[in-house]
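>>> Fold the following and give me the result.
(4 chains)
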There are 2 protein chains.
Amino acid sequence: MFLSTATNTLDAKGRLSVPADFRAVVGDGNFDGIVVWPSFDGAYLEGGGIALLQDYQSLLETMDPYDEARIAFERAIFAESRRLSFDGTGRVTLPKDLAEYAGLNGRATFIGLGRRFEIWSPEAYQSHAETARKMARENRHRLRLQGRNSGQVQ
Amino acid sequence: MFLSTATNTLDAKGRLSVPADFRAVVGDGNFDGIVVWPSFDGAYLEGGGIALLQDYQSLLETMDPYDEARIAFERAIFAESRRLSFDGTGRVTLPKDLAEYAGLNGRATFIGLGRRFEIWSPEAYQSHAETARKMARENRHRLRLQGRNSGQVQ
DNA sequence: CTGCCTATCATGGGATATTATGGTATTCAA
DNA sequence: TTGAATACCATAATATCCCATGATAGGCAG
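Next up, the predicted model:
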């Protein structure tokens, strides 16, 4: 499970250390690395272990093969995503176009979101986080845990 | 799993480098190369490892032998597909008729789509990808992973 | 509780291997 | 013999590996 936030440096060669606790999550025995793609929702990257993409794949396979949305998803996700393998010290080299897409400039912050994570430019994330907090505050009544002992927030 | 997008040059002899990470996927020990056929859905090529065609074959074998769709698929895929083997440096030579079919002119972009891939003329793909991206964004609510920790894209 | 030791982590630099691509030679068949 | 297809070689750019360093955190002993 990807948790917490960390910002690391993106060096001149495009190398970026993946936080150690993220690395512990992704091993599938076969491929030692992460998969990253540009979010189709904003100027940041999304990523996860290879298992995440396999989940998406099996999800897509339940859709009609000629469903236009399915084809669009295949193109938007598989075509855009890159397999980035760790070097000996747990770094990946982030392709230049992805770094540009997210506006990364020397630094990148990883945001753990459970099953997947996001990579933002620190500044962009800063302002984004503020509006997210605001929205969370405004919607806090919707955050009630289901089931027994609903220890809802506030 | 075929991932990401790469555009390589198609030289005067019809030689085309297959992206290295695509090559890593297709090995079946026996035949070292890819299988390519013209898509019956547009002016581009589809392809995959030999294993993909075997999957299609077993899928078709579950259909009625006289099912018109089965016959059509057999004609459209098996009859039209070519086995292209790698040379020493990982290129295939793309038959001229296939290059023409896809409107390839000096450059060709490989698009990884999980179990298979496509080969497009870069310009043609450009505009096509934009609409796919737009559609994916509009339908993103349908892409929700089931089960605990649903790491949906949003 | 405090200071030291050690393991792990993030990061930098240089050496090495791969990749994509162009060109040349060789084979094979017409 | 000639053309086309195939195999072979060369090279520049790039990605990968490998080692070294400083920082940090945790464990252990006094």
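
>>> Tell me the gap between the longest helix that chain A contains and the middle of its chain.
As assigned by DSSP state H, the longest helix anywhere in chain A is helix A:122-138. Relative to the chain's own centre, helix A:122-138 is displaced by 17 Å; criterion: CA atoms, centre = their mean, to the nearest Å.

>>> ok, now stretch A:94-110?
So, by CA atoms, centre = their mean, the centroid of stretch A:94-110 is 13 Å from its chain's centroid.

>>> close to DNA strand D, is that stretch?
Yes - using CB under 7 Å from any atom of the strand, stretch A:94-110 reaches DNA strand D at A:Pro95. In this view, the C-beta of every residue, glycine as well, is placed from N, C-alpha and C.

>>> ends of that stretch, how far apart?
Start-to-end span of stretch A:94-110 (CA to CA, to the nearest Å) is 13 Å.

>>> near DNA strand C, anything from it?
No - on the criterion CB under 7 Å from any atom of the strand, stretch A:94-110 is out of touch with DNA strand C, staying 7.8 Å away.

>>> re earlier: and the longest helix of chain A, what does it pack against?
Secondary-structure packing of helix A:122-138 (3 or more CB pairs under 8 Å, 6 or more residues apart in numbering or on different chains; DSSP states H and E): strand A:107-113.

>>> Name the strands paired with the strand it packs on and say parallel or antiparallel.
Sheet pairing of strand A:107-113 (DSSP bridges) gives strand A:5-9 (antiparallel), strand A:116-120 (antiparallel).

>>> And it, what's buried?
Neighbour counts over strand A:107-113 (16 or more other CB atoms under 10 Å in any protein chain shown) mark A:108-113 as buried.

>>> would you list those residues in TSV and tack on pLDDT?
Putting these into TSV (pLDDT from 0 to 100) gives the following:
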residue	pLDDT
A:Ala108	95
A:Thr109	95
A:Phe110	96
A:Ile111	94
A:Gly112	93
A:Leu113	92
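
>>> And the residues you listed, which two are furthest apart?
With CB to CB as the measure, no two of the buried residues of strand A:107-113 lie farther apart than A:Ala108 and A:Leu113, at 15.4 Å.

>>> hmm, who's touching the longest helix of chain A?
The set of residues external to helix A:122-138 that reach it, using CB atoms under 8 Å, 6 or more residues apart in numbering or on different chains, is A:7, A:43-44, A:102-103, A:107-109, A:111, A:120, A:143.

>>> now swap in stretch A:60-67 and tell me
Applying CB under 8 Å, 6+ apart, the external contacts of stretch A:60-67 come out as A:69-70, A:73-74, B:114, B:142.

>>> In helices, which of those appear?
Short answer: the contacts of stretch A:60-67 in helices (DSSP H) are A:69-70, A:73-74.

>>> Relative to B:Ser4, how far out is the nearest residue to A:Ala51 once chain neighbours are set aside?
Leaving aside its sequence neighbours, A:Ala51 sits nearest to A:Asp28 (CB to CB, 6 or more residues apart in numbering or on different chains; 5.6 Å). Distance, A:Asp28 to B:Ser4, by CB to CB, to the nearest Å: 18 Å.

>>> again, but for A:Leu16
Distance of A:Leu16 to B:Ser4, given as CB to CB: 17 Å.

>>> ok, and which of the ones in helices among the contacts of stretch A:60-67 reach chain B?
The overlap between these and the neighbours of chain B (CB under 8 Å from any CB of the partner chain) comes to A:69, A:73-74.

>>> how near is the residue nearest to A:Thr109 when sequence neighbours are not counted to DNA strand C?
Spatially, and ignoring its direct neighbours in sequence, A:Thr109 is nearest to A:Thr7 (3.7 Å; CB to CB, 6+ apart). In this view, A:Thr7 and DNA strand C are 8 Å apart by CB to the nearest atom of the strand, to the nearest Å.

>>> pretty sure A:Thr7 contacts A:Ala108?
Yes - the criterion here is CB atoms under 8 Å, and A:Thr7 meets it with A:Ala108 at 6.6 Å.

>>> For chain A, which residues are neighbours of DNA strand D?
Checking chain A against DNA strand D by CB under 7 Å from any atom of the strand, the hits are A:13-15, A:85, A:87-89, A:93, A:95.

>>> Weed out the non-buried ones from those residues.
A:Thr93.

>>> Which of the residues of chain A next to DNA strand D fall within helices?
Assigned to helices by DSSP H, none of the residues of chain A next to DNA strand D qualify.

>>> Turn the residues of chain A next to DNA strand D into TSV, including distance to B:Ala79 and pLDDT.
Below are these laid out as TSV (distance: CB to CB, whole Å; pLDDT from 0 to 100):
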residue	distance to B:Ala79	pLDDT
A:Lys13	48	92
A:Gly14	45	93
A:Arg15	48	95
A:Ser85	38	92
A:Asp87	45	91
A:Gly88	48	89
A:Thr89	51	91
A:Thr93	42	94
A:Pro95	38	93
